[in-house]
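Undergrad: sharing a model that was predicted from the sequence below.
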Amino acid sequence: MNNAPSFWPHRARAVVDLAALRANVAALRARASDGVGLMAVVKADAYGHGLLPCARTIRDAGAEWLGTATPEEAFALRADGDRGRVLCWQWTPGGPWQEALRQDIDVSAGAEWAVREIAAAARATGRTARVHLKADTGLGRGGCQPADWPDLVSSARAAERDGLLRVTGLWSHFACADEPGHPSIAAQLDVFQDALKIADEAGLEPEVRHMANSPATLTIPASHFDLVRPGLSLYGLSPSPELGVPSDFGLRPVMTLSADLALVKRVPGGHGVSYGHSHVTSGDTTLALIPLGYADGIPRHASGSGPVLVAGKWRTAAGRVAMDQFVVELGDDSAVAGEEAVLFGPGDRGEPTAEDWARAVGTIGYEIVARIGSRVPRVYTGE
Ligand SMILES: *Cc1c(COP(=O)(O)O)cnc(C)c1O
C-alpha cells in the first residue's frame, strides 16, 4: 500500500485515509445548499475511525460545528485543544452539565427536566448555557413531542430572560430520510416548521436550525435549513444501497480493514472447520487463518458469509467466527502466511466494501465500521 507508515501493525490494522475524509467533507459541503453550515458528527469514536485524528482533519477542512452523542466525547475534543462549536446531545438526569458549560459546549434539551438542570448548572457556574431545543417531529426517539413543545419553549424562554441560557439551536432528526419519497419525510418537515413558528412567536432567536443527517444532506435540500448534520457519509459510506453507492455522491470510503494471514495449511476432505464444525471441507483444500474475530468487531453473524479478499479472490468466512480469528478456504489457490487479507475498503483493489459486509450479515454499514474494536490499531494516512 502507498504511504505505509513506518510502523505497520502486523496482525491487523484499520487504515484511515484522512485525505479521503477531507475530500468527503468538501463533497458534502458541495451538496449542501448555499450558505448552509456543516456540523460533522464524530460520535462513537468517529464511527470507529478514531475521534481525534478525524475531528482535527474535519476542522481543517472547514466544518464549523462538531456533533457528539455523549458529553465525554465532547470533553475529549476540548482536551485535544478543539475550540470550535461543539453540540452534545445525549444527556441523562444528573449529567455533567456544569462541566459542559465550563468547556463551552452547546447542549441539547428535549424535555423540561433538561432545561431545569441546565438552568441550575448555569447558576452554579455563573455561565450562560447555549442550548439546542430538540423536537420529536416524528422519529419517536429523542426530542419533545409537539403537544409538549410550547411548554418546553416557554420554559427555555423564561430561563433565557433570566440570563441563564440562550437558545442557540432548534433541531430534529429524521426517521426515514434514507427512503426517498417516504411520506414521513414531508410530514416531519411540516411538524418542524410548526415547531419553528411556535419558537419564533415565543421570542426565541436561534442561530441555527438543523435536521439533515447523511441521507437528507445528500437527497433532501428542503431539510438543510442553516446546518447539515451528516455522520456516516463523512466516512465515505452510503446511508443505504437504495440511495446509491458512495461514488454516486463523490464520496470515498475512509477505512480499509486488513489483516495478515496467520497460517496457511492443507487439510483433507471431511475436515471440520472452527467451533461446532458448522463447515466441513468437501475435499482436500487449503485453509487460511485471519487473525480477527468478534472481539475485534467482526460480527459472529458473518460465520459462513463474511467476504475477504485473499490471494486475488473473494473468499468467505468458513465456519464460525471466533473471538480472535476466523478461517477462509482457498481451495487449490496458494497463499503464504503473512500475506495481506483485505476485509473491506474502498473497493479499488477488488476488495469487498463495508456495505458488502453489511449485506452479508444483515446489518448496515454504520454498524460494520462503528464496531471495529479498540484492539485493532488505526493507522492514519493522507495527513
Ligand atoms: C448519528 C446522528 C446523526 C448522523 O447521522 P448519519 O445518518 O450518520 O449521517 C445526525 N444526528 C443525530 C441526532 C444522530 O444521532
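TA: Looks like it arrived, so ask away.
Undergrad: which ones are touching the residue with the shortest distance to the centre of the chain?
TA: Geometric centre of the chain, nearest residue: residue 47, 3.5 Å, by CA atoms, centre = their mean. Neighbouring residues of residue 47 by CB atoms under 8 Å, 6 or more residues apart in numbering: 231, 232, 234, 235, 366, 369, 370. C-beta coordinates here come from the backbone N, C-alpha and C atoms, glycine included.
Undergrad: chain center to the one helix or strand residue 356 maps to: distance?
TA: For residue 356, the enclosing helix or strand under DSSP states H and E is helix 354-361. Helix 354-361 sits 16 Å away from the centroid of its parent chain (CA atoms, centre = their mean, to the nearest Å).
Undergrad: quick check: mean pLDDT of it?
TA: The average pLDDT for helix 354-361 rounds to 97.
Undergrad: could you report the pLDDT at residue 3?
TA: 50.
Undergrad: so which of the contacts of residue 47 are in helices?
TA: The helices, defined by DSSP state H, take in 366, 369, 370 from the contacts of residue 47.
Undergrad: quickly check: the helix holding residue 356 near the ligand or not.
TA: No - applying CB under 6 Å from any ligand atom, one finds helix 354-361 separated from the ligand by no less than 12.9 Å.
Undergrad: and stretch 172-188, how far apart are its ends?
TA: Start to finish, the residues bounding stretch 172-188 are 9 Å apart (CA to CA, to the nearest Å).
Undergrad: for stretch 359-368, that is, sorry about that
TA: End to end - CA to CA - stretch 359-368 spans 10 Å.
Undergrad: element containing residue 124, please.
TA: Secondary structure (DSSP H and E) places residue 124 in helix 112-125.
Undergrad: what parts of the stretch 51-200 of the chain come near the ligand?
TA: Counting by CB under 6 Å from any ligand atom, the stretch 51-200 of the chain sits next to the ligand at 89, 173.
Undergrad: smallest distance to the ligand belongs to which residue of the stretch 51-200 of the chain?
TA: Closest to the ligand within the stretch 51-200 of the chain is residue 173: 4.4 Å, counting by CB to the nearest ligand atom.
Undergrad: what about that residue, how many residues nearby?
TA: 22 (other CB atoms under 10 Å).
Undergrad: show the contacting residues for it.
TA: By CB under 8 Å, 6+ apart, the neighbours of residue 173 are 134, 139, 141, 142, 143, 211, 213.
Undergrad: closest one of the contacts of residue 47 to residue 181?
TA: Of all the contacts of residue 47, residue 181 sits closest to residue 232, with 20.4 Å by CB to CB.
Undergrad: the helix or strand containing the residue nearest to the centre of the chain: how far from the chain's middle?
TA: If you go by DSSP H and E, residue 47 is part of helix 43-48. On the basis of CA atoms, centre = their mean, helix 43-48 sits 5 Å off its chain's mean C-alpha point.
Undergrad: could you point out which element follows it?
TA: helix 51-60.
Undergrad: report all helices and strands that the helix or strand following that next one contacts.
TA: As assigned by DSSP H and E, the chain's next helix or strand after helix 51-60 is strand 65-68. In terms of contacts (3 or more CB pairs under 8 Å, 6 or more residues apart in numbering; DSSP states H and E), strand 65-68 is packed against strand 37-41, helix 51-60, helix 71-79, strand 85-88.
Undergrad: for the shortest one, list the C-alpha coordinates in CSV.
TA: Coordinates of each C-alpha in strand 85-88 appear next as CSV, following Å, rounded to 0.1, in the frame of the first residue of the first chain:
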residue,chain,number,x,y,z
ARG,A,85,-18.5,25.0,18.3
VAL,A,86,-19.5,21.5,19.6
LEU,A,87,-23.0,20.2,20.2
CYS,A,88,-23.5,17.3,22.5
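Undergrad: tell me the buried residues in whichever helix or strand comes after that strand?
TA: Past strand 85-88, further along toward the C-terminus, the next helix or strand under DSSP H and E is helix 97-102. Across helix 97-102, burial judged by 16 or more other CB atoms under 10 Å covers 97, 98, 99, 100, 101.
Undergrad: which single one of these is nearest to residue 63?
TA: Of the buried residues of helix 97-102, the one sitting nearest to residue 63 (CB to CB) turns out to be residue 100, at 19.7 Å.
Undergrad: right, and that closest one touches residue 74 too?
TA: Yes - counting by CB atoms under 8 Å, residue 74 is a contact partner of residue 100 at 6.8 Å.
Undergrad: just give me the closest of the ones in helices among the contacts of residue 47 to residue 88.
TA: residue 370 (17.8 Å).
Undergrad: what about that closest one, how many residues nearby?
TA: Neighbours of residue 370 using other CB under 10 Å come to 19.
Undergrad: let me see the contact set for residue 129.
TA: Contacts of residue 129 (CB under 8 Å, 6+ apart): 97, 101, 107, 118, 119, 121, 122, 164, 165, 166.
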